[in-house]
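Participant: need a structure here:
(2 chains)
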Amino acid sequence: EAGVTQFPSHSVIEKGQTVTLRCDPISGHDNLYWYRRVMGKEIKFLLHFVKESKQDESGMPNNRFLAERTGGTYSTLKVQPAELEDSGVYFCASSPYDRAPGYEQYFGPGTRLTVT
Amino acid sequence: GNSVTQMEGPVTLSEEAFLTINCTYTATGYPSLFWYVQYPGEGLQLLLKATKADDKGSNKGFEATYRKETTSFHLEKGSVQVSDSAVYFCALTGSYNFNKFYFGSGTKLNVKP
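Facilitator: Residues are numbered from 1 along each chain as shown, chains lettered A, B, ... in the order given. From the prediction side, this is the model:
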């Protein structure tokens, strides 16, 4: 079974440009999450999809970030326009639908975004 | 609110040394606690977890015990190997929202032969 995949693995853009990150979750996983790690600090939650619906977007930093999940399958995270502080590693994770505590989220390798 | 604090790295050990990575948390109620590991070039992988007080999670020789009285979930291994070199993240999910992970800042472990 394929794991969570993310594309690209690394992106370097200039301030003011637009970047779109893509995540393909494990097939059949209804839950999809985005997280971000900035400057070697803690990994922070950005948002959570259940199928195509945004369940919790409390971690989205501002309206320059737009996440979508077309048809409840893959997801994109667009940053427009990018700022220097957006640099970091963006992780995607997925999990099956489960309401019990302690269930695992399966993470992708991350996309390293560098804004110059 | 919920938060996790873990010891800063990097931690450098010789092969077969004893490992402890400290993790403490702040949370209301009864969170679930996790250790994730990120090997070079890979995504985060669940290493072990515990969902209630006094539970011990274990995997691949690593152990951690959920201590509610000290709000801690320290990671230990009796004898590390070079292949254990990675970044280790302590994390929790809240009592009512199981979907949102709160991570620590990560501890990089370097094991030398």
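Participant: enumerate the residues of chain A near chain B.
Facilitator: Contact residues, chain A versus chain B (CB under 8 Å from any CB of the partner chain): A:3-4, A:31, A:33, A:35, A:37, A:40-45, A:48, A:55-56, A:59, A:91, A:93, A:98-110. For every residue, glycine as well, the C-beta is placed using N, CA and C.
Participant: among these, name the ones in strands.
Facilitator: Among the residues of chain A next to chain B, the ones falling in strands (DSSP state E) are A:31, A:33, A:35, A:37, A:43-45, A:48, A:55-56, A:91, A:93, A:106-107.
Participant: max pairwise distance over the residues you listed: which two?
Facilitator: Across these, the longest distance by CB to CB is 21.6 Å; it joins A:Arg37 and A:Gln55.
Participant: quick one, which of the two is more surrounded?
Facilitator: Remark: of A:Arg37 and A:Gln55, A:Arg37 carries more neighbours, 22 against 15, as counted by other CB atoms under 10 Å in any protein chain shown.
Participant: does the more buried one touch A:Ser87 like I think?
Facilitator: No - the criterion here is CB atoms under 8 Å, and A:Arg37 misses it with A:Ser87 at 10.5 Å.
Participant: ok so, going back, including pLDDT, could the ones in strands among the residues of chain A next to chain B go into TSV?
Facilitator: Listed next are these as TSV, based on pLDDT from 0 to 100:
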residue	pLDDT
A:Asn31	94
A:Tyr33	96
A:Tyr35	98
A:Arg37	96
A:Ile43	95
A:Lys44	96
A:Phe45	96
A:His48	95
A:Gln55	92
A:Asp56	93
A:Phe91	97
A:Ala93	96
A:Tyr106	93
A:Phe107	94
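Participant: got any ranges where chain A has weak pLDDT?
Facilitator: Residues of chain A meeting the criterion pLDDT under 70: A:1, A:98-99.
Participant: report the central residue of it.
Facilitator: With distances taken as CA atoms, centre = their mean, the residue of chain A nearest its centroid is A:Trp34 (3.0 Å).
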